[in-house]
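Enquirer: Please find the sequence and the predicted model below.
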Amino acid sequence: MIRLFVPFASLSALVVVLALVLTPPASAVAVDPNGRLKDPQKEALARDIMADIRCLVCQNQSIEDSNADLARDLRQVVRERVAAGDNPDQVKRYLVDRYGDWVLMRPPVDRRTYLLWGGPAILLFLGGALALANSRRKRAVAGRLSAEEEARVQSLLDEVNNP
């Protein structure tokens with residue numbers, strides 16, 4: 001009987017190693033088998049727009065990356081608008097008119113969103129001011145003793161110093 005040299009302990013280990021080596025990495029982009037535009041430039045434009053549109057189901061994921069049904073529908077709408085000749089601003093305006101500014105990954109800075117954009121800075125400033133005021137108040141309270149408390153502290157110190 002002829003024995004072949006196999007560097008792996010078993011055939012199952014060989015199969016596992018081959019599966020790991022030959023398996024391509026997973027793509028993070030959602031797949032629309034029927035939805036791609038035939039013109040590669042328009043498809044690239046549509047994908048750029050999709051990256052700026054928020055999935056309304058997933059919230060912090062673009063419709064380009066989401067596999068939700070609504071995201072697939074919105075990708076189709078974007079492709080239809082691009083195929084019809086709309087530019088990116090027109091496509092985004094179309095979606096904002098239907099879903100509001102929330103559909104944009106980067107909402108515009110205007111009078112309705114000042115609090116959204118400035119809120120973190122305002123909260124940071126207020127937190128710092130409260131911390132500073134609290135530390136000053138504690139220092140001021142700790143420095144003042146009533147006459148009775150001072151007499152008690154002095155008597156304790158006298159007892160310790162003069163046994």
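Expert: Nice, I can see it.
Enquirer: list the contacts for the residue most central in space within the chain?
Expert: The centroid of the chain falls nearest to Asn60 when counting by C-alpha atoms, centre = their mean (5.9 Å). Asn60 is in contact with Arg54, counting by C-beta atoms under 8 Å, 6 or more residues apart in numbering. Quick note: C-beta positions are derived from backbone N, CA and C, even for glycine.
Enquirer: Same question for Val96.
Expert: Residues in contact with Val96, defined by C-beta under 8 Å, 6+ apart, are Val103, Leu104.
Enquirer: For the one helix or strand it maps to, buried residues please.
Expert: If you go by DSSP states H and E, Val96 is part of helix 88-99. Residues of helix 88-99 classed as buried by neighbour count (16 or more other C-beta atoms under 10 Å): Val91, Lys92, Leu95, Val96.
Enquirer: From the chain's centroid, how far away is the helix or strand following it?
Expert: Sequence-wise, the next helix or strand downstream of helix 88-99 (DSSP H and E) is helix 114-143. From the chain centre to the centre of helix 114-143 is a distance of 26 Å (C-alpha atoms, centre = their mean, to the nearest Å).
Enquirer: and what of stretch 150-163?
Expert: 60 Å.
Enquirer: And for stretch 84-94?
Expert: 26 Å.
Enquirer: what does stretch 47-60 give?
Expert: With C-alpha atoms, centre = their mean, you get 12 Å for stretch 47-60.
Enquirer: mind listing what's buried in that stretch?
Expert: By neighbour count with 16+ other C-beta under 10 Å, stretch 47-60 contains the buried residues Arg47, Ile49, Met50, Asp52, Ile53, Arg54, Cys55, Leu56.
Enquirer: What does the residue lying closest to Ala83 once chain neighbours are set aside show for phi and psi?
Expert: Take Ala83 and drop its neighbours on the chain: the residue closest to it by C-beta to C-beta, 6 or more residues apart in numbering is Leu37, 5.9 Å away. Dihedral pair for Leu37: phi -80, psi 150, per degrees, to the nearest 10.
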